[in-house]
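Trainee: quick one, structure for this:
(chains A and B)
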There are 2 protein chains.
Amino acid sequence: MTDAVTICECFARDGLQHEPAFVPTETKVALLEAFVAAGFTRIEATSYSHPERVPAFADASRVLTEVTRRPGVAFKATCPNPRAVRRAIDDLDHGVGAEELSLLVSASESHTERNLGTTRAGQWERVAEMIRLAAGRFRLIGVVSVAFGCPFEGDVDPGRVAEDVARFADLGADAVTLGDTTGVATPGAVAAMFRRLEREHPGLPVIAHFHNTRGTGIANAVAALDAGCRHFDSALGGVGGHPSAITYGAGLTGNVCTEDLVSLFEAMGVDTGLDIDALATASRACEEALGRPLYSMVARAGFARTGFARSRA
Amino acid sequence: MTDAVTICECFARDGLQHEPAFVPTETKVALLEAFVAAGFTRIEATSYSHPERVPAFADASRVLTEVTRRPGVAFKATCPNPRAVRRAIDDLDHGVGAEELSLLVSASESHTERNLGTTRAGQWERVAEMIRLAAGRFRLIGVVSVAFGCPFEGDVDPGRVAEDVARFADLGADAVTLGDTTGVATPGAVAAMFRRLEREHPGLPVIAHFHNTRGTGIANAVAALDAGCRHFDSALGGVGGHPSAITYGAGLTGNVCTEDLVSLFEAMGVDTGLDIDALATASRACEEALGRPLYSMVARAGFARTGFARSRA
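Mentor: Numbering: from 1, shown residues only, chains lettered A, B, ... in the order given. Now for the predicted structure:
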C-alpha cells in the first residue's frame, strides 16, 4: 500500500452540471488545460447527457475535440444511457472523445427514479447495454450514487451497495465509484465499506466520491484513505451537487474541494502528484470562470505546507 | 470509554472576538440563553480582556450578570493576564461571574509575542500568578495555542506541547485545551497527541479546539474522538479565528462549526446531549445576530439524522 493517491478533478462536469449560466466552450477547454498543467491524470471533462436535459454539456463533443491531449491523461465523460454511449463511440470513431466513461446507478429506487427517470432494474439493463457497447474502447467507471444514504429513503443497506459493486465488476467495469451524493456518510460507514470491498474485490479500484453537503467530505476522505482507498474524486472550489429536487434542498454545495483535500493529503505526507502552484492557478481560474468566490477554504487561507497563497485581509 | 462527548459552545467569545461591529449586550445574553436551551453545559461566554484591546467584550461583567444561571451549566471567560483574573474574582465576590476561566499560552515564541505581547517565559509567569489568584474559585482551563503548528515558525515540537500540558497540570489546571489556531493540524498528528496525553496524564480532560481554516476541522475532530477525546470546542456558524496580523491571513474562518460537528457526531451514534431543534434555533439566532449567513453547511442542508432543516433552493 503506497502513500500515493490519484485524484480525479470533477469541476468541469459534476461541478458545472447545475450552474445556471452556460460556461463557454473555450473557457471549459482552458480550464481542462489548467487541470492538466496542475498534474491531474484523470479529469472528468463533460457529459453526454441529452443537451435539452443538461444544457451545460451541449458542447460535449466540441470540448473533447478542442482540448489538447497529453499521454497519461484520461478525460472522463458521464453517460446516463446507451444513447450517450453511442455519442461517445461516434466521437471516438472520429478520432476524438473520452478515455473513460462513467456509468451511473443509484442504490435506492427513489433516487434512481428522480435522477435517472427509471427503476433500478431498468437502469441495470441500460448499464449492461452500455457496457456491451463500450467494452474495449473506453475505461469504464461504474458509479453507485447515494451509496451511504438516500435523501428520500434514509439508510441504504451496505449489502445492496456491495451487490451493485459486484454487478459492475461482473459486467466488466474497470473501477467503481461510491458516491455520498448528499453528504450523509460517516467515517465509520465509509471505512467499513471500503474494507469490505477490498476483501470482496481485491485489485478493483474503488473511487471515493464524497460531497461536502454537511461539512463531512474531508473527514470521510481521510476515513477512506485509512481504509486503503487510493482513488478520490473532488472538484476545485467544491462546486457541484444535485439540485434540490433530487436532494431535498441539500444541494447548496457539492464535491469535496480539491484544494482542501490536496492541502491536507500533502500535509499528511500523501503524494497527490500535483503541482501546488499550478493547482492554485487552476483554482483561481475556476472562480474567474464562474465569476464568484467558491467554497474552498484553502483558496482563501493558502495550502498548509506551502504557506499562504492568498489573503483577503 | 463512553460514546458521549461534551461540546463547549464558543460563539459568544471566540466567535465574536474579532467581529467589527459590537454585538449588544442583550443580544449576547439572549444567545447564551439559547445555547443553554439547546443543552450546552459548557459555554464560552465572554473575555476579561482589556476593553480597549478587545472592545467586543467591554460588557463582560454585564453579560455574566444578566444571563440566567442554571444548575449544571458552566460559563467560561477568557483571561489573558492576572488583571483579567482579578476582574473575574471581583465579579464573583459580587455574586456574578464565570464558573470557568481560560488561561492562555502559545506553543511558539512568535505567536506568544503577537497574540499575548510577551515571551513564553513571561506568559508562564503570568499563568502561574493567575492560577494562584483563581485557584479554588473557578474551574481552570489551560489553553495551548498553535499546538499543531505556528503560522510564523511552521512545525511545533509535540514535545513542547506535552511539556506545556504537564506544566498546566502541575500548576493545578482542571483541564487543558489544545488549539489548532490556524488550521494546520492533520488527523495523524491529532491522534498521536491525544494518545500521548492520555498516557502521560490519565484522567486529565484534554479539550480539542480546532479551527476550520483549511477545511480540516471535522476530520481532526473525528481523529481526536477516535483517540479517546471526549471534550470539544466549537462555534455555531463556524465564526471566529484570529485576525490576519496574528495568522498571516489565515483568519477567514474560525472554529469548527457546531452544527456540522453535532450533525456528524449524532449520525455516528455519539451522544452530544444536545436538542437538535433548539440547536437549529440557536444557529439561526447567531446568523440573525451578525446579520449574515455564516459558515455552517448543516445550517443550509439540515442535520444528517433529522432531515432537512432549511433550504435556500
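Trainee: quick one: low-confidence ranges for chain A?
Mentor: Along chain A, segments meeting pLDDT under 70 span A:1-2, A:242-253, A:305-313.
Trainee: need the helices for it, in chain order.
Mentor: For chain A, the helices defined by DSSP state H occupy A:25-38, A:60-66, A:82-93, A:109-116, A:120-134, A:158-171, A:187-200, A:217-226, A:244-247, A:258-267, A:276-290, A:298-301.
Trainee: and these as TSV, adding distance to B:S145 and mean neighbour count?
Mentor: Glycine gets a C-beta too; all of them are placed from N, C-alpha and C. What follows is the helices of chain A, written out as TSV (distance: least, C-beta to C-beta, whole Å; neighbours: other C-beta atoms under 10 Å in any protein chain shown):
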stretch	distance to B:S145	mean neighbour count
helix A:25-38	34	21
helix A:60-66	48	20
helix A:82-93	53	18
helix A:109-116	45	19
helix A:120-134	52	18
helix A:158-171	41	17
helix A:187-200	27	18
helix A:217-226	23	27
helix A:244-247	39	19
helix A:258-267	19	28
helix A:276-290	27	20
helix A:298-301	17	28
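Trainee: contact residues of the stretch 1-150 of chain A facing chain B?
Mentor: A:G149 (C-beta under 8 Å from any C-beta of the partner chain).
Trainee: for chain B, give me its nearest residue in the stretch 1-150 of chain A.
Mentor: Here the residue of the stretch 1-150 of chain A nearest chain B is A:G149; by C-beta to the nearest C-beta that distance is 7.8 Å.
Trainee: how many other residues sit next to that residue?
Mentor: A:G149 is flanked by 22 other residues according to other C-beta atoms under 10 Å in any protein chain shown.
Trainee: just A:V67 next, same as before
Mentor: Neighbours of A:V67 (other C-beta under 10 Å): 24.
Trainee: who's in contact with it?
Mentor: Counting by C-beta atoms under 8 Å, 6 or more residues apart in numbering or on different chains, A:V67 touches A:29, A:32-33, A:45, A:75.
Trainee: let's have the helices of chain A in CSV, adding distance to B:V161.
Mentor: CSV is the format used below for those (distance: least, C-beta to C-beta, whole Å):
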stretch, distance to B:V161
helix A:25-38, 35
helix A:60-66, 50
helix A:82-93, 54
helix A:109-116, 46
helix A:120-134, 52
helix A:158-171, 39
helix A:187-200, 25
helix A:217-226, 22
helix A:244-247, 42
helix A:258-267, 17
helix A:276-290, 27
helix A:298-301, 22
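Trainee: closest to B:G254 out of these?
Mentor: For B:G254, the closest of the helices of chain A is helix A:298-301, at 11.3 Å, according to C-beta to C-beta.
Trainee: so who does the residue nearest to A:G149 when sequence neighbours are not counted touch?
Mentor: Spatial nearest neighbour of A:G149, excluding adjacent residues (C-beta to C-beta, 6 or more residues apart in numbering or on different chains): A:V184 at 3.7 Å. Neighbouring residues of A:V184 by C-beta under 8 Å, 6+ apart: A:148-149, A:151, A:213-214, B:267, B:304.
Trainee: which residue packs closest to A:A235, ignoring adjacent ones?
Mentor: A:N255 (3.7 Å).
Trainee: please name the bridge partners of that neighbour.
Mentor: For A:N255, the beta-bridge partners are A:H211 (DSSP bridges).
Trainee: that one against A:N220, yeah?
Mentor: No: with contact defined as C-beta atoms under 8 Å, A:N255 and A:N220 do not form a contacting pair (11.9 Å).
Trainee: list residues touching both of these two?
Mentor: Common neighbours of A:N255 and A:N220 (C-beta under 8 Å, 6+ apart) are A:F210.
Trainee: contact partners for A:A56?
Mentor: A:16-19, A:22-23, A:47.
Trainee: how many neighbours does A:S102 have?
Mentor: Counted with other C-beta under 10 Å, residues neighbouring A:S102 total 29.
Trainee: OK, contacts around the closest residue to A:L290 other than its chain neighbours?
Mentor: Nearest non-adjacent residue to A:L290, counting by C-beta to C-beta, 6+ apart: A:E19, 6.7 Å away. Residues in contact with A:E19, defined by C-beta under 8 Å, 6+ apart, are A:56, A:239, A:290.
Trainee: does the second one touch A:E259 like I think?
Mentor: No: under the criterion of C-beta under 8 Å, A:V239 makes no contact with A:E259, lying 11.7 Å away.
Trainee: stretch A:159-179: how far from the chain's middle?
Mentor: How far stretch A:159-179 lies from its chain's middle: 16 Å, per C-alpha atoms, centre = their mean, to the nearest Å.
Trainee: could you do stretch A:17-25 as well?
Mentor: Stretch A:17-25 sits 17 Å away from the centroid of its parent chain (C-alpha atoms, centre = their mean).
Trainee: start and end of it, how far apart?
Mentor: Stretch A:17-25 has an end-to-end distance of 14 Å (C-alpha to C-alpha, to the nearest Å).
Trainee: buried sites along that stretch?
Mentor: By 16 or more other C-beta atoms under 10 Å in any protein chain shown, the buried positions in stretch A:17-25 come out as A:17-18, A:23, A:25.
Trainee: between all of the residues you listed, which two are separated the most?
Mentor: The distance between the two most remote of the buried residues of stretch A:17-25 (C-beta to C-beta) is 18.2 Å, for A:H18 and A:T25.
Trainee: ok, the nearest residue to A:M297 once chain neighbours are set aside - contacts?
Mentor: In this structure, A:M297 finds its nearest non-sequential neighbour in B:G215, 4.1 Å apart by C-beta to C-beta, 6+ apart. Neighbouring residues of B:G215 by C-beta under 8 Å, 6+ apart: A:218, A:257, A:260, A:263-264, A:296-298, B:183.
Trainee: which residues touch A:G183?
Mentor: A:210-217, A:250, B:297, B:301, B:304.
Trainee: how close does it sit to B:A219?
Mentor: 14 Å (C-beta to C-beta, to the nearest Å).
Trainee: does A:S61 touch A:G95 like I think?
Mentor: No: applying C-beta under 8 Å as the test, A:S61 and A:G95 come out as separate, 11.5 Å apart.
Trainee: buried ones among the contacts of A:G183?
Mentor: Among these, the ones that count as buried (16+ other C-beta under 10 Å) are A:210-217, A:250, B:297, B:301, B:304.
Trainee: tell me the one of those nearest B:V156?
Mentor: For the buried ones among the contacts of A:G183, the nearest to B:V156 is A:G215 (25.9 Å; C-beta to C-beta).
Trainee: want to throw the contacts of A:V67 into TSV with distance to B:S283?
Mentor: Output for those, formatted as TSV (distance: C-beta to C-beta, whole Å):
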residue	distance to B:S283
A:V29	42
A:L32	39
A:E33	42
A:A45	38
A:F75	41
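Trainee: and of those, the nearest to B:G122?
Mentor: Distances from B:G122 to these, taken by C-beta to C-beta, are shortest for A:E33, at 54.0 Å.
Trainee: spatially, what comes nearest to that closest one if we skip its sequence neighbours?
Mentor: If the residues on either side of it in the chain are set aside, A:E33 comes closest to A:T68, at 6.2 Å by C-beta to C-beta, 6+ apart.
Trainee: count the neighbours of the one you found for me.
Mentor: By the criterion of other C-beta under 10 Å, A:T68 has 9 neighbours.
Trainee: distance of it relative to A:G97?
Mentor: 14 Å.
Trainee: cool, and A:R62?
Mentor: With C-beta to C-beta as the criterion, A:R62 and A:G97 are 12 Å apart.
Trainee: ok, now which ones touch A:G149?
Mentor: A:155-156, A:180, A:182, A:184-185, B:304.
Trainee: any figure for the gap between it and A:S110?
Mentor: Here A:G149 is placed at a distance of 12 Å from A:S110 (C-beta to C-beta).
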